[in-house]
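1. Predicted model and sequence below, questions to follow.
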Amino acid sequence: DEPFVFDMVRLAANQVDRLQRGERKMLRGLLEHLASQLGFEAGVSWVDLAQAPAGHDLGSPEAAVCLLARYDWFSRKSRAQTSWFHQRGRLR
């Protein structure tokens with residue numbers, strides 16, 4: 001019902017590397033809730049990643065939220081933890 005909720009989730013997704021563990025956990029729950037309200041089923045995969053979820057236009061805020069939920073966006077590791085550039089000196 002609130003149009004700015006999708007924008008807030010997308011802004012948080014762009015800043016995922018700066019979020020603390022508790023913030024990620026809270027946003028993960030919010031993302032799952034929003035996606036379930038939009039009719040997204042976690043076990044369903046799309047054949048073509050460019051294809052929007054059923055009932056939502058490609059590029060719409062609703063499709064973006066479903067895609068973030070599909071990748072479980074807020075549970076992924078930060079770029080600093082997975083970057084070869086940041087980790088290159090730690091292997092010694």
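-> Cool, the structure landed.

2. Check the burial of Glu23 by counting its neighbours.
-> 14 (other CB atoms under 10 Å). Placement of C-beta: from N, CA and C, glycine included.

3. nope, Val9 is what I meant
-> Val9: 22 surrounding residues under other CB under 10 Å.

4. would you list every one of the helices in this protein?
-> Per DSSP state H, the chain carries helices over the ranges 4-14, 21-37, 61-70, 79-82, 84-87.

5. how big is the angle separating the longest one from helix 61-70?
-> Helix 21-37 and helix 61-70 meet at an angle of 120 degrees, taking axes from the mean of the first three to the mean of the last three CA atoms, to 10 degrees as the criterion.

6. and helix 21-37, what does it pack onto?
-> helix 4-14, helix 61-70 (3 or more CB pairs under 8 Å, 6 or more residues apart in numbering; DSSP states H and E).

7. Glu41: neighbour count?
-> Using other CB under 10 Å, Glu41 has 13 neighbouring residues.

8. gap between the closest residue to Arg10 other than its chain neighbours and Gly29?
-> Spatial nearest neighbour of Arg10, chain neighbours left out: Ala64 (6.0 Å); criterion: CB to CB, 6 or more residues apart in numbering. Using CB to CB, to the nearest Å, we find Ala64 at a distance of 18 Å from Gly29.
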